[in-house]
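Colleague: Below is the structure, and that's it, no one-letter string:
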């Protein structure tokens, strides 16, 4: 089982946890219902579950390694890439295998072995199709707030592999095992839209909640590895971002050079020295060396050409020609040490943008997304397995769903991406931003820089509140649009309540910054 967070649910999560506890009492004696409810209660205590999904060879495992910051997930085409693998935080490394057939026995620990940094999964005689899932515990800081789930390729040539991924992400009889998804695609196809549509319905009980991010993967290949490839990929991602079909299903589209992102997060001193040697070559020699992968590996010589054939082959495997060209250009441009190079490569790979989106849209909404998943499960249970005494549960469920402002924001965000809000275009764009369409931090909602002071944030929030309050009260505003304005007005009021000045003498009062929790990676 995935380890719970230390603090457990609070706020809306606590309300939903209480509802689940009451449901456990009502359904005492029903083994199936009790198992479902126990699972929902556990999910409320866990970190948010984010699935990494996409077609075969989209670069899922490579991106997962980049997010974690370590090369632990296998990225080859071995049988372990056909198994759903969970990566969660643990104080000590561990791997647990869960058999697909309960008759095969209890979950069992596997040996933790690494080769060239990556984990080697010894299944102990099990075939991939006999394994329900692998769970990897790993002491990575990035896993404290997210549990990442690596899934097999969708639309695989193997129908068994494809069915395994679909049944996990898109179950027919319960909410998805994942609270949110990062979906990788190399081009926008109808199959991508079909998956995202199905995931939205499965994960959110047909509520229309948008809880997926789209990634234009292997972005460095868009321009055939040219140094300006990422600029071309950014243009394509922007076009996809405006696509009417995709906009309704994904909170954003980010171009990612996954291999570069992974290698940047794990850059080694020896690799930096080789890249520096390449950067110091004269232009003609450098261009000749980087003309093709084969020429790079077989250039011959040492030292000034970046090491031996074997060392260059390893460097090519880690960075690709695009990454080597970009690193050499950055070093020639003044980057002088490995830390600075790693930071700049990660930024240019698109990883920083993705991490900010993960923090602003998923981590910051984790409590609400998990609560929503549990509510969907309880609602489905009450509808399909009614029994005497469930009336108080139904009333509590309806009350939570109707009164929780966070859920109203999620529903309104989905409306903004689908049917529209019934407002003028400029007002609709502002409304979407204020309800968290670009991130839930106050600066993101208010359209200010991340280093804005508390006074600046309060002033902008107050201006927004007055404007939307007046718009809601305007007799020319239709009934539906007025309802939208009231939700936006409530979001402004909630921000002002959070942004109240701190007592004199506190750190917030001394710095002028608001005392709000900021999700990791959102700065």
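Modeller: Noted; the coordinates are in hand. Since we're looking at a predicted model, the values are computed, not measured.
Colleague: ok, now how distant is residue 335 from residue 86?
Modeller: The span separating residue 335 from residue 86 equals 36 Å under the rule C-beta to C-beta, to the nearest Å. Heads up, the C-betas are built off the backbone N, CA and C, glycines and all.
Colleague: got any ranges where this protein has weak pLDDT?
Modeller: Residues of the chain that meet the criterion pLDDT under 70 lie in 1-10, 76-80, 155-161, 201-210, 223-225, 300-306, 502-523.
Colleague: And the strands in it?
Modeller: Using DSSP state E, the strands found in the chain span residues 48-54, 85-89, 94-99, 108-110, 113-115, 118-120, 131-138, 146-150, 180-185, 212-216, 253-255.
Colleague: so can I have a markdown table of those strands showing mean neighbour count and distance to residue 28?
Modeller: Shown next, in a markdown table, are these (neighbours: other C-beta atoms under 10 Å; distance: least, C-beta to C-beta, whole Å):
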| stretch | mean neighbour count | distance to residue 28 |
| --- | --- | --- |
| strand 48-54 | 26 | 27 |
| strand 85-89 | 22 | 30 |
| strand 94-99 | 18 | 27 |
| strand 108-110 | 15 | 31 |
| strand 113-115 | 10 | 44 |
| strand 118-120 | 18 | 41 |
| strand 131-138 | 21 | 27 |
| strand 146-150 | 24 | 29 |
| strand 180-185 | 26 | 32 |
| strand 212-216 | 25 | 36 |
| strand 253-255 | 25 | 46 |
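Colleague: JSON lines for these, including distance to residue 395?
Modeller: Supplementary listing: the strands of the chain in JSON lines, determined by distance: least, C-beta to C-beta, whole Å:
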{"stretch": "strand 48-54", "distance to residue 395": "28"}
{"stretch": "strand 85-89", "distance to residue 395": "35"}
{"stretch": "strand 94-99", "distance to residue 395": "37"}
{"stretch": "strand 108-110", "distance to residue 395": "44"}
{"stretch": "strand 113-115", "distance to residue 395": "53"}
{"stretch": "strand 118-120", "distance to residue 395": "48"}
{"stretch": "strand 131-138", "distance to residue 395": "37"}
{"stretch": "strand 146-150", "distance to residue 395": "33"}
{"stretch": "strand 180-185", "distance to residue 395": "29"}
{"stretch": "strand 212-216", "distance to residue 395": "32"}
{"stretch": "strand 253-255", "distance to residue 395": "41"}
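Colleague: Out of the ones you listed, which is closest to residue 381?
Modeller: Nearest to residue 381, of all these, is strand 48-54, at 19.7 Å by C-beta to C-beta.
Colleague: and the closest one, what does it pack onto?
Modeller: Here strand 48-54 touches helix 60-68, strand 146-150, helix 159-169, strand 180-185, helix 366-384, going by 3 or more C-beta pairs under 8 Å, 6 or more residues apart in numbering; DSSP states H and E.
Colleague: Now with 7 Å, please.
Modeller: Strand 48-54 sits against helix 60-68, strand 146-150, strand 180-185, helix 366-384, with contacts defined as 3 or more C-beta pairs under 7 Å, 6 or more residues apart in numbering; DSSP states H and E.
Colleague: how many degrees apart are that strand and helix 159-169 in direction?
Modeller: When axes from the mean of the first three to the mean of the last three C-alpha atoms, to 10 degrees is applied, the directions of strand 48-54 and helix 159-169 differ by 150 degrees.
Colleague: What strands line up against strand 48-54, and which way round?
Modeller: strand 146-150 (parallel), strand 180-185 (parallel) (DSSP bridges).
Colleague: any chance of these in a markdown table, with distance to residue 430 too?
Modeller: As requested, these are exported to a markdown table (distance: least, C-beta to C-beta, whole Å):
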| stretch | distance to residue 430 |
| --- | --- |
| strand 146-150 | 30 |
| strand 180-185 | 25 |
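Colleague: who wins for proximity to residue 393 among those?
Modeller: Per C-beta to C-beta, nearest to residue 393 of the strands paired with strand 48-54: strand 180-185, 26.3 Å.
Colleague: Show me how far the closest one is from its chain's centre.
Modeller: Strand 180-185 sits 7 Å away from the centroid of its parent chain (C-alpha atoms, centre = their mean, to the nearest Å).
Colleague: Please list the residues outside that strand that contact it.
Modeller: Here strand 180-185 makes contact (C-beta atoms under 7 Å, 6 or more residues apart in numbering) with 48, 50-55, 58-60, 63, 192, 195-196, 199, 211-217, 362, 369.
Colleague: ok, what's across the strand from residue 255?
Modeller: Assigned bridge partners for residue 255, using DSSP bridges, are residue 216.
Colleague: For it, give its distance to residue 215.
Modeller: To residue 215, residue 255 is 8 Å away according to C-beta to C-beta.
Colleague: quick check: longest helix of the protein.
Modeller: Determined from DSSP state H, the single longest helix within the chain is helix 309-332.
Colleague: ok, residues contacting that one?
Modeller: By C-beta under 7 Å, 6+ apart, the residues outside helix 309-332 that reach it are 220, 225, 227, 229, 257, 259-260, 263, 271, 274-276, 278-279, 286, 290, 293, 296-299, 306, 341, 344-345, 348.
Colleague: Any idea how far apart the tips of stretch 466-481 sit?
Modeller: For stretch 466-481, the first-to-last residue distance is 16 Å (C-alpha to C-alpha, to the nearest Å).
Colleague: Apologies, that question was intended for stretch 38-52.
Modeller: Stretch 38-52: ends 25 Å apart by C-alpha to C-alpha.
Colleague: same thing with stretch 43-62?
Modeller: Using C-alpha to C-alpha, the end-to-end distance of stretch 43-62 comes to 26 Å.
Colleague: Flag every buried residue along stretch 416-429.
Modeller: 416, 417, 421, 422, 423, 427, 428 (16 or more other C-beta atoms under 10 Å).
Colleague: try stretch 16-26
Modeller: Those would be 16, 17, 19, 20, 22, 23, 24, 26, for stretch 16-26 by 16+ other C-beta under 10 Å.
Colleague: Leaving out sequence neighbours, find the closest residue to the fifth one.
Modeller: Same thing as residue 22. Using C-beta to C-beta, 6 or more residues apart in numbering and skipping the chain neighbours, the partner closest in space to residue 22 is residue 393 (6.1 Å).
Colleague: Next up, the contacts around that neighbour.
Modeller: Contacts for residue 393 (C-beta under 7 Å, 6+ apart) come out as 19, 22, 23, 26, 382.
Colleague: thinking again about what came up before, and which of the buried residues of stretch 416-429 is nearest residue 106?
Modeller: Of all these, residue 106 sits closest to residue 417, with 43.9 Å by C-beta to C-beta.
Colleague: Am I right that that closest one is in contact with residue 246?
Modeller: No - with contact defined as C-beta atoms under 7 Å, residue 417 does not count as touching residue 246 (9.6 Å).
Colleague: Tell me which residues touch residue 416, please.
Modeller: Going by C-beta under 7 Å, 6+ apart, residue 416 touches 428, 431, 432, 437.
Colleague: what's the closest non-adjacent residue to the last one?
Modeller: If I follow you right, that is residue 437. residue 413 is the one closest to residue 437 (C-beta to C-beta, 6+ apart), at 5.6 Å.
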